[in-house]
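> How does the following fold in three dimensions:
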Amino acid sequence: MKTTIRGEIMSMRTGLFCGLATIVVAASATPAQAEQQTYNFELRTQDIGSALRAIASITKSQVIFDGDEVRGKRSRAVKGSYSTEDALDLALRGTGLVAQPTAQGVYVVKSSPKVPRAQGPQAARSQVQSADDYSNEIVVTAQKVTETTFDVPISISVKSQREIRNRNAETITDLQYTVPGLSISEFGPGQQRIQFRGVSSFSGLAQIGQYLDEIPLNTEAPDQGPDIRLVDIARVELLRGPQGTLYGQGAMGGTIRYITNDPELSAVSGSALGELSVVEGGEPAWRGEGVFNLPLVEDQLGLRVAGGYTSIAGWIDNPRTGEENLNGGSSYFVRGKLLARLGEDLIATLLASHQEIDTGGNNTADEDRQVYYAVPTPIKNRINLFSAVLDYDLGAVSLVSATSWQERNGSNVTDITDILAPTVELLQGLQPGTLNSYVFNGASSFRAFSQEVRAQYDSSTGLRALIGAFYRNSRSTSLVSGESDPVTAVPADYYFGDTEGTSESWAVFGDLTYELLSGLDLNLGGRYFEDKRTTNSATRIFGTPSLDQGADTFSAFTPKLNISYLVSDSLNLYATASKGFRSGGFNTTSVGGGTVVIPPSYDPDSVWTYELGAKYESFDRRLTGEVAVFRNVWSDIQSVATAPNGLNTYTVNGAKMAGNGIDAQLTYRPVPSLTLSLTGGWNNMEYKTTTVEHFAGDRADYAPRYSGSASAEYRFDLGDAPSFARLDYQFADGIQVWFRSFQAVPALSETQHLLNLNVGTEISGFSIQLFAKNILNEYGVTYPAFGSLPYPGRPIPRSFGAQVRASF
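Coordinates of the predicted model:
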């Protein structure tokens, strides 16, 4: 193909540069002079092609780039006085592209050797972002467009693939206190409550949104976490504050996005990992993981498969039954991703994931790592995820269709012998001690189909717009039955509950950004949501039957206003007012044969967050940081209440909570081989009104006041082998949960101090890593005991291990 600009002819072989763009502006200066000379720039964030043309025009330089290479990517803003090379470097930072000068003074833009080239135009292509070198900036798609973390005018933390590996993090729980404002109350794999910034309550749906690529992961249960294994994950994006405009129902405190690696279309590659470890006072554990990438049709079709098996170490004993290490078990998953380039601008991606988790019990125990249950308490979970994404890039306009399916099945046994058996014996006229055990057998299922379509417009005049629509249809079931030993002592349906719920929701949303002045952007967004829900419940409590049916439609509108100002290439300021919400639901109204008056349903609740933030990064990125101060105002909180019979709880609206807070994170590289990081978060969220369970002044349930982390990583050569040593410290205040109807004092957890060490080296394609987790052997309560949970949650004791990773 030949392109002639101002009399110069550039000839290149056909296909070498698809979509070649050549910019030549009469270059009168010599290359040496061009390198020395600086120019004044006032370039906003824009598509890379436009930015490169502008730089070429200002500097009178010649720049060559591949149209496919830059399609769908945005430049950094360039403001100030820079040389040609520095301006190009700044504009391309975080995109996976570099500008390399030739001997003739021509700048050729191409993929950086440190960052794999993205396989398509769509903003969410994961391989753009995960640069292995710490000097490279991570690109995220938190706002459903491609931006660097510095340019995103929201409070966000990003965990890259390299950081995940060097911390030896297996799930998000291993990272929780390294993320300002994040806290996770976990009492077993796949059983976790996740909160941001103190937006947390016992009742209702989840308070944050979670996604695997484009798949919404939330279920109807706020304590059923997805337990995503951090294998072949390009990055984890953690967005603080309400994300109701773009992510909808449930994203009232924030959103977590797990972004998987895309298949590479030009080379076979893969890796395998083996690990052995031992828990102090427990049993050994091992895990194996593998990733395989296969181009099926070069540059057109590729498959990437990741999988892993973990033998979970147990460390809790049951002297009553003689069981040892009863909370041990296994977990495995397999995830496949197929990417097809159906045309120059059209990409299709299919993803399928299957996961199974089996354990003998929760990570709950007394101070001696013991429980006294009458029977085994196994827990099983099966999770399947599927998605199909179409991405069509038309230049200034891009279209995305994301279809997903989620199904989850679980079962568990809860031993309530010591809690309920005496009452059952009394009501049944049995002699005390007749029942050797009384348990609840639980089974649950969740199915959800979702569809989202959105269109993005990015003009060269400073206007960027996104509009979309979302639909979700879900069905959940829950079955609980009481069982006694001997089985003939109590009728099989003496305590029984069978509930089915459905939800059909839809939403439309829009997001508009306009550059008012150079560096000053105004962003407006809004989302309208409707949710039609039904419930059918049949219960029998202590032999008394009840039947409940309900149907209702809930709606909400969530606006957002954001103003950001790029003061310089090193400082970005923003102010945001945003609203988040979660949908309503139903209560069991016929408790006690209809003698107890209970409202049939409860409405959505919502939180407003007002936030001021600042982001800083030096030109060489040796020093980066961000800080945000915020105020949350949470209204009509879905709160727990207790029926007059003292046995049953239900949900009501009406409470109000508010508080201020601050998030901060800082990374400093005094020398290229040393990286120091600090993070911290604080909030004073508390109830402003009095309810049945909470008094004004009570703290938010499950939310620590403060948390933080500090880390140091040193990279060095051990002979000719690249090596590193990393020390991580995390801490958090204790949490509390109030149930004044049942107890006069709150259920409390304890302050946590966690210290981890990882050292590793690479030899002949093998990576060897030694690690120690929870070096201080922290064993304080992480999840308080109350209700049918007689023992508190505990952290995994001190453990040591080694792993070997091979890559090809």
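
> CA atoms for contacts and neighbours, from now on please.
Noted.

> Give the partner strands of the helix or strand that contains Q665 in its sheet and their orientations.
Using DSSP states H and E, the element containing Q665 is strand 649-671. Sheet pairing of strand 649-671 (DSSP bridges) gives strand 623-642 (antiparallel), strand 674-683 (antiparallel), strand 686-687 (antiparallel).

> distance between the last one and the chain's centre?
Think strand 686-687. 26 Å (Cα atoms, centre = their mean, to the nearest Å).

> and that strand, average pLDDT?
Mean pLDDT, strand 686-687: 94.

> Please apply the same query to stretch 393-402.
Rounded mean pLDDT across stretch 393-402 is 92.

> what do you get for stretch 85-103?
On average, stretch 85-103 scores 84.

> For it, buried residues please.
By neighbour count with 16 or more other Cα atoms under 10 Å, stretch 85-103 contains the buried residues 85-100.

> Over to stretch 599-619?
Quick answer for stretch 599-619 (16+ other Cα under 10 Å): 600-617.

> Repeat that for stretch 436-451.
437-451.

> Which residue, other than its chain neighbours, is closest to E686?
Sequence neighbours aside, R699 is the residue nearest to E686 in space, at 4.3 Å (criterion: Cα to Cα, 6 or more residues apart in numbering).

> Quick one: residues contacting the one you found.
Neighbour list for R699: N684, M685, E686, Y687, Q736 [criterion: Cα atoms under 8 Å, 6 or more residues apart in numbering].

> if we can go back for a sec, what about the buried residues of stretch 436-451, which are in helices?
Per DSSP state H, helices hold no members of the buried residues of stretch 436-451.

> Helix or strand: which one has the residue positioned nearest the centre of the chain?
Most central in the chain under Cα atoms, centre = their mean is I256, positioned 2.3 Å from the mean C-alpha point. In this assignment (DSSP H and E), I256 forms part of strand 254-260.

> Outside of that strand itself, list whatever touches it.
Taking Cα under 8 Å, 6+ apart as the rule, strand 254-260 contacts 126, 142, 195-196, 207-213, 232-243, 247.

> Of the contacts of R699, just the buried ones, PyMOL syntax please.
To isolate the buried members of the contacts of R699 in PyMOL, using 16+ other Cα under 10 Å:
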select buried, resi 684+685+686+687+736
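
> closest to A802 among the contacts of R699?
A802 lies nearest to Q736 out of the contacts of R699, by Cα to Cα, at 36.2 Å.

> doesn't E750 make contact with that closest one?
No: assessed by Cα atoms under 8 Å, Q736 is found out of contact with E750, at 9.1 Å.

> G708 belongs to a strand?
Yes: G708: assigned to a strand according to DSSP: H, G, I helix; E, B strand; the rest coil.

> what is the residue lying closest to it once chain neighbours are set aside paired to in the beta sheet?
Leaving out its chain neighbours, the residue that sits closest to G708 by Cα to Cα, 6+ apart is G680, at 4.0 Å. Here G680 sits in beta bridges with A664, G708, going by DSSP bridges.

> Quick check: G680 touching Y706?
Yes: the pair G680 and Y706 passes the contact test of Cα under 8 Å, sitting 7.4 Å apart.

> got any residues that touch both of the two?
With Cα under 8 Å, 6+ apart as the test, G680 and Y706 both reach G181.

> Could you pull up the contacting residues of R454?
Contacts of R454 by Cα under 8 Å, 6+ apart are L399, V400, S401, L466, I467, G468, A469.

> moving C-terminal of the strand or helix carrying it, what's the next helix or strand?
Using DSSP H and E, R454 falls within strand 437-458. Elements were assigned by DSSP H and E; along the chain past strand 437-458, the next helix or strand is strand 463-485.

> Show me what that next one is packed against.
Helices and strands touching strand 463-485, by 3 or more Cα pairs under 8 Å, 6 or more residues apart in numbering; DSSP states H and E, are strand 437-458, strand 496-517.

> In its sheet, which strands sit next to it, and in what direction?
strand 437-458 (antiparallel), strand 496-517 (antiparallel).

> for this protein, what are the low-confidence residue spans?
1-36, 72, 113-137, 590-596, 644-648 (pLDDT under 70).

> Would you mind finding the longest strand in it?
strand 544-568 (DSSP state E).

> tell me which residues in the helix or strand just after that one are buried?
Using DSSP H and E, the next helix or strand after strand 544-568 towards the C-terminus is strand 571-582. Using 16+ other Cα under 10 Å as the test for burial, strand 571-582 gives L571, N572, L573, Y574, A575, T576, A577, S578, K579, G580, F581, R582.
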